[in-house]
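Enquirer: Need coordinates for the following:
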Amino acid sequence: MKAYLAFMVLAAALVFGCTAPANATATPTATASPAIQTSSATPAVTATVDVQAEMDAMMEENGVGTSMGQGQMTASQREAMAENAGSGNVLFGPNAFQRVQYDMQGSVSITERDGKKFLTFSEDFSTRAGPRLVVRLTKTSAPTSVSALDSQEHVLLHDLIDVQGYQEYELPADYDQYDAVIVFCEPFRVIWGYASLK
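Expert: Predicted coordinates for the structure are as follows:
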C-alpha cells in the first residue's frame, strides 16, 4: 500500500510539475521588452489571432485612432511638414514599401535640405494603425522576421508620425550604414513592413 501511494505521489508530481501550463507559450504582451535589439521576448513573425486581439484591445482602451495616440502632430505642424514635400535634393529613392504583416502603400526617399538629411515618406503613404508604431533603421536588408532583426544593429528614428501622408525623419550621420527602414510595433514586436535603402 505504501509503495502504491508513493508511486501515485511520484506520478502526480511528474504530471503536474513537469507539464507546462496551457498558456506557457502565449504570445508577448505589451509588457514585453520593446527593444528589438534583445531577443528575450518570444519573436512574433506574424501577428496571430491572439496578438491581433490584444493589439486591437490596447488601441480601443487607449482611444488610439492612429499610430502614436499621444503626441500627435498639430495641424500647423502637419502643414509645415507638408510644405517640405518635394523640397530639397533627392539623394536616394523612391523605394516602395514591402508588406510583412500589413499592407503598406507609398515609398521612402532620402533627401538633403539645409545641410541635413531626411528619410521622407511619400504623400501616398498609408498603413494600418497599431499600438506604438515606430520607424527604425536596420542593417537587415530584407527584414521579414524579428529573429533576423535581433541579430543585427538597429537605430530608432522616431515614433511613426501618422499612418498616412507625407512625413519626414531626420537621419543620423551614419545612416548609410543601414540597409532598410521598418515600421515596427514596439510593444508586440511585429514588423508592419519595410523599404530597402540600398
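
Enquirer: all contacts plus neighbour counts: C-alpha atoms, from now on.
Expert: Fine.

Enquirer: Tell me the helix or strand right after the helix or strand bottoming out on mean pLDDT in the chain.
Expert: Scoring the helices and strands of the chain by mean pLDDT, DSSP states H and E places helix 2-18 at the bottom, with a mean of 42. Using DSSP states H and E, the next helix or strand after helix 2-18 towards the C-terminus is helix 49-62.

Enquirer: tell me the mean pLDDT for that next one?
Expert: Across helix 49-62, the average pLDDT comes to 74.

Enquirer: Settle this for me: residue 107 is touching residue 97, isn't it.
Expert: Yes: judged on C-alpha atoms under 8 Å, residue 107 makes contact with residue 97 at a distance of 5.4 Å.

Enquirer: Give me the common contacts of these two.
Expert: Listed as contacting both residue 107 and residue 97 by C-alpha atoms under 8 Å, 6 or more residues apart in numbering are residue 195.

Enquirer: can you count the residues close to the nearest residue to residue 159 once chain neighbours are set aside?
Expert: Excluding the flanking residues, the one nearest residue 159 by C-alpha to C-alpha, 6 or more residues apart in numbering is residue 134, at 4.1 Å. By other C-alpha atoms under 10 Å, 22 other residues sit near residue 134.

Enquirer: and the helix or strand hosting residue 134, what other elements does it pack with?
Expert: Per DSSP H and E, residue 134 falls inside strand 133-138. Applying 3 or more C-alpha pairs under 8 Å, 6 or more residues apart in numbering; DSSP states H and E, one finds that strand 133-138 makes contact with strand 154-159, strand 180-185.

Enquirer: Dump it to PDB, restricted to CA.
Expert: C-alpha atoms of strand 133-138 as PDB (Å, rounded to 0.1, in the frame of the first residue of the first chain):
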ATOM      1  CA  LEU A 133       4.400  52.100 -34.200                       C
ATOM      2  CA  VAL A 134       8.000  53.300 -34.700                       C
ATOM      3  CA  VAL A 135      10.400  53.900 -37.500                       C
ATOM      4  CA  ARG A 136      13.700  52.100 -37.300                       C
ATOM      5  CA  LEU A 137      16.700  51.700 -39.500                       C
ATOM      6  CA  THR A 138      18.100  48.200 -39.700                       C
END
